[in-house]
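Asks: Okay, structure incoming, though there's no sequence with it:
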C-alpha cells in the first residue's frame with residue numbers, strides 16, 4: 001500500500017485531520033498501515049481483495065464486539081478508492097504477542113492461554129450456524145448484517161477441508177500422505193452444531209499490554225466449523241507452536257474455554273486437519289514455528305512430528 005493511496009483513503013473520511021506519518025506494517029499478507037495525525041489518535045488502514053470481503057469482516061467484528069468480551073478494534077469506515085477495497089479501524093496499543101509470548105514468565109503464558117480459551121468459548125457460545133464453510137452476509141428484516149455459512153454440514157465439509165490442507169503440503173510430507181488420507185477416510189461423524197471458526201486465532205494476531213491481551217486482530221475470511229476443530233487449531237497455534245512442553249498451556253486454554261461452555265473433545269481427525277491447515281500459509285509457504293522462528297527445515301520437521309503424534313493418538 002503506497003502512501004498516496006493511504007492518504008487518499010484517510011482524506012475521504014477525515015478531511016480536517018493533518019497526517020504526520022504513515023507506518024507500513026510488514027506482518028500479515030494484507031497491505032496495512034498505521035496513520036498518525038497531529039492532535040488525533042492514530043488509525044489503521046487495511047486493504048482487502050473485494051469490498052464484499054471487507055463488509056463481511058466488518059459485520060463479523062461488529063458482532064464480536066457486541067456479543068463477547070474479545071478485544072476487537074472497531075471498524076470506523078469502509079469503501080473503495082480506485083477499485084481498491086479498504087477498511088479503516090481504530091488503533092489499539094500493545095506489544096506484538098508473537099514476539100513477547102515465549103519470553104514471558106510461565107505464569108503469564110498460562111494466563112494468556114486461558115484468555116485465548118475464554119475468547120474461543122465466548123465466540124462459540126455467541127455464534128452458531130446451520131452448516132459449515134465460509135461465511136457470507138445475508139439480508140435481515142431488521143436491517144442488520146446476518147452471517148450465514150455457505151457450505152455443507154458436518155463431515156463432508158470437514159473431510160474436504162482436510163483434504164485441501166493435505167494437498168497443499170510440500171513434498172517433504174509425502175511419506176505421511178497415505179496415513180493422513182486414511183485418517184480422513186475413517187473420520188467418525190461429528191454432529192456438533194457448527195460454530196464460528198476463528199482459524200487464525202493466535203499470538204501472531206494479538207497485542208498484549210500489562211500481561212493481558214489488548215487486541216485480537218485479523219478476522220478475514222470467517223468460517224463456520226465443528227467446535228472441536230477450532231479448539232484443536234487454537235491449541236496448536238497457542239501452545240504447541242511456542243513451547244517444548246505444551247500441555248500446561250493446553251490445560252490453561254481448556255480451563256478458559258470451560259469457564260464459558262463445555263469443552264469439546266478433539267479427535268485425531270480434528271487435530272490432523274488443524275495441523276495440516278496450519279503448516280502452510282495462504283501463499284503455499286511453510287509456516288515458521290516458534291519465536292525466534294525456526295527455519296523452513298526445522299518447521300517442516302515440527303509440523304511432521306505434530307502430525308505423527310495426532311495420527312498415533
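Replies: That came in fine, so what should we check first? Quick caveat, the model's predicted, so the values are computed rather than measured.
Asks: Show me where the protein dips below the pLDDT cut-off.
Replies: 27-28, 139-144, 152-155 (pLDDT under 70).
Asks: The longest helix along the chain: which residues count as buried?
Replies: Scanning the chain for the longest helix, with DSSP state H as the assignment, gives helix 106-126. Buried residues in helix 106-126, counted by 16 or more other CB atoms under 10 Å: 109-124, 126. Just so you know, the C-beta spots here come from the backbone N, C-alpha and C atoms, and that holds for glycine as well.
Asks: now swap in stretch 304-313 and tell me
Replies: Neighbour counts over stretch 304-313 (16+ other CB under 10 Å) mark 304, 306, 307, 310, 311 as buried.
Asks: Same list, those, but as TSV with secondary structure and distance to residue 201 please.
Replies: As requested, the buried residues of stretch 304-313 are exported to TSV (DSSP: H, G, I helix; E, B strand; the rest coil; distance: CB to CB, whole Å):
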residue	secondary structure	distance to residue 201
304	helix	23
306	helix	18
307	helix	20
310	helix	19
311	helix	24
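Asks: Out of these, which comes closest to residue 226?
Replies: residue 310 (15.6 Å; CB to CB).
Asks: Not counting sequence-adjacent ones, nearest residue to that closest one?
Replies: Leaving aside its chain neighbours, residue 310 sits nearest to residue 271 (3.8 Å; criterion: CB to CB, 6 or more residues apart in numbering).
Asks: before we move on, which element is the closest residue in space to residue 204 that isn't next to it in sequence in?
Replies: Of all residues not flanking residue 204 in the chain, residue 98 sits nearest, at 3.9 Å (CB to CB, 6+ apart). Take DSSP states H and E as the rule and residue 98 turns out to sit in helix 97-100.
Asks: helices and strands around that helix, which ones?
Replies: Contact partners of helix 97-100 among helices and strands, from 3 or more CB pairs under 8 Å, 6 or more residues apart in numbering; DSSP states H and E: strand 206-209.
Asks: quick one: strands adjacent to the following helix or strand past the strand it packs on?
Replies: Counting by DSSP H and E, the next helix or strand C-terminal to strand 206-209 is strand 212-216. Using DSSP bridges, strand 212-216 pairs in its sheet with strand 206-209 (antiparallel).
Asks: got the buried residues for the partner strand?
Replies: Those would be 206, 207, 208, for strand 206-209 by 16+ other CB under 10 Å.
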